[in-house]
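Peer 1: Below are the sequence and a predicted model; questions follow.
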Amino acid sequence: MSASRAKFKAGDRVQVRFEDRPGHIRTPWYIRGKTGWVERIHGEFLNPESLGHGGDGLPKKVLYLVAFQQGDVWQRYAAKRDKLLVDIFEHWLEPAN
Amino acid sequence: MARGHHDIGGLSGAGPIDQSQHELSDWEILADAINQALGAKGIRRTDELRRVREEMESGAYHDMSYYERWIASMETILIEKKILTRDEIDRKLAEFEKKWGEP
């Protein structure tokens, strides 16, 4: 995809929105509210939150590979420098400092 | 709301992951075949099946095995889209049970 359609670029710090709402959501609970960085942009994909309920999935949403420090995700994680990678759609991300 | 019964990443108490291989039963292979056919015909999308499994009554969700959940979610989609009725599915099941016995 053209990188210009994407709100974030590789390396940008991002925070996952903490939303608790009904419907088909691909953002796992454990990562909501956590802060990481964009590892890379996957591209634009049909929106599963629409597809799951019989919709056409449009407009497409930008999907990112987002990286987190394991120690930022789990309180008692021993190897704190380990990295966790999660696919997250743009509308679940906010800029973070 | 709170997290769904499918969204268990990070929860304690799930125990170790069973990594042993197991042979698929014929009915499990058949469930996969029906799933593929419904997809090829544009009747269901993967996200729809996921949504249905997420909306299931939690007790039923936990009681079912992986492919039992697949079958239950395909039934729900077929009923939602008015391709089959609950009654038609139940009648056919009763017919099979009469022929082959209780599963």
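Peer 2: Structure received.
Peer 1: hang on, residue B:4 is in a strand, isn't it?
Peer 2: No: read with DSSP: H, G, I helix; E, B strand; the rest coil, residue B:4 is coil and lies in no strand.
Peer 1: average pLDDT for stretch A:25-42?
Peer 2: In this model, stretch A:25-42 has an average pLDDT of 97.
Peer 1: Same check on stretch A:79-88?
Peer 2: Across stretch A:79-88, the average pLDDT comes to 93.
Peer 1: same check, this time on stretch B:28-36
Peer 2: 97.
Peer 1: Residues contacting that stretch, please?
Peer 2: B:44, B:49, B:67, B:70, B:71, B:74 (C-beta atoms under 8 Å, 6 or more residues apart in numbering or on different chains). (C-beta placed from N, C-alpha, C; glycine too.)
Peer 1: Now the two most distant members of these.
Peer 2: B:44 and B:67 (15.4 Å; C-beta to C-beta).
Peer 1: Give me the more crowded residue out of those two.
Peer 2: residue B:44 (23 against 17; other C-beta atoms under 10 Å in any protein chain shown).
Peer 1: Show the overlap between the contacts of stretch B:28-36 and what lies near chain A.
Peer 2: Among the contacts of stretch B:28-36, proximity to chain A is found for none (C-beta under 8 Å from any C-beta of the partner chain).
Peer 1: between these, which is nearest chain A?
Peer 2: Chain A lies nearest to residue B:49 out of the contacts of stretch B:28-36, by C-beta to the nearest C-beta, at 8.7 Å.
Peer 1: Off-centre distance for the helix or strand that contains that closest one?
Peer 2: Per DSSP states H and E, residue B:49 falls inside helix B:46-55. Centre-to-centre, helix B:46-55 and its host chain are 10 Å apart (C-alpha atoms, centre = their mean, to the nearest Å).
Peer 1: Which other helices and strands does that helix contact?
Peer 2: Counting contacts by 3 or more C-beta pairs under 8 Å, 6 or more residues apart in numbering or on different chains; DSSP states H and E, helix B:46-55 is packed against helix A:48-51, helix B:66-80.
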